[in-house]
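Engineer: please find the sequence and the predicted model below.
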Amino acid sequence: ADPHAGNFIMLPDGRLGLIDYGATKRLTRNERLSVLLMYVALWKNDEDMLFELCDLSGYKSKYGNKEVLMKLLKFGFDSWGRDVMGGKNVQQFIDELKEKDPWEEVPDNLVMAQFMSIRLRSLALGMNHPVKCSEWWGPLAEQVLKEEGLPYETWDTEQLIKYRPDMNMQKFKFG
């Protein structure tokens, strides 16, 4: 849950051990379903599903700029390649997005999942192995949705509302 070099150990049998699980959170079933949907949608580049997930979760920004929202989702959960960040560093990227469309209300339920995704991608990048999470987790998420009896293709607004998790909202005001 806190992936950095000090929290990996080589076990005597050659397996890799992970330690320090202090930064964890237990997700509810509906939060897990939302994460599964998000990763399948990222994998399939289904911006309509991603936008509806965010809208129903309570995400609000000043202008409702879909491009900004998609970049925030991709940066936080999937990839930070040039296609997302346009060659900018993290500070320049976030500042530009805030200027284009400042976020005002954001659910924080998946902050730990986002944190883990960013940390794992940083670790992989440091080993010269950039990772796009949706390429790995999208197909797995799609399979789990099928096993749950809720295939990705069946999700519409009604089903999204039925399985919407309770959200913890954070409010922001940028001057």
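Structural biologist: Thanks, I have it.

Engineer: helix, strand, or coil at E105?
Structural biologist: E105 carries the three-state label strand when classified by DSSP: H, G, I helix; E, B strand; the rest coil.

Engineer: that one and K171 touch, don't they?
Structural biologist: Yes: contact criterion Cβ atoms under 8 Å: E105 and K171 qualify, at 5.4 Å. Backbone N, C-alpha and C define where each C-beta goes, glycine included.

Engineer: need the contact list for K171.
Structural biologist: Shown in contact with K171 (Cβ atoms under 8 Å, 6 or more residues apart in numbering): E104, E105.

Engineer: how far away is it from L50?
Structural biologist: Separation of K171 from L50 (Cβ to Cβ, to the nearest Å): 22 Å.

Engineer: pLDDT below threshold where in the chain?
Structural biologist: Scanning the chain for pLDDT under 70 picks out the ranges 1-4, 21-24, 174-175.

Engineer: switch the cut-off to 80
Structural biologist: 1-8, 16, 18, 20-25, 112-113, 115-116, 119, 123, 125-127, 173-175 (pLDDT under 80).

Engineer: what comes up buried for stretch 112-120?
Structural biologist: By neighbour count on 16 or more other Cβ atoms under 10 Å, the buried set for stretch 112-120 is A113, Q114, F115, M116, S117, I118.

Engineer: chain center to that stretch, what's the gap?
Structural biologist: 8 Å (Cα atoms, centre = their mean, to the nearest Å).

Engineer: what sits closest to the residue nearest to the spatial centre of the chain if chain neighbours are left out?
Structural biologist: Closest residue to the average C-alpha location of the chain: F77 at 2.9 Å, with Cα atoms, centre = their mean. Once flanking residues are discounted, F77 sits nearest to S117: 5.1 Å by Cβ to Cβ, 6 or more residues apart in numbering.

Engineer: other SSEs contacting the helix or strand that contains that neighbour?
Structural biologist: Using DSSP states H and E, S117 sits within helix 111-126. Using 3 or more Cβ pairs under 8 Å, 6 or more residues apart in numbering; DSSP states H and E as the contact test, the elements touching helix 111-126 are helix 66-77, helix 133-147.
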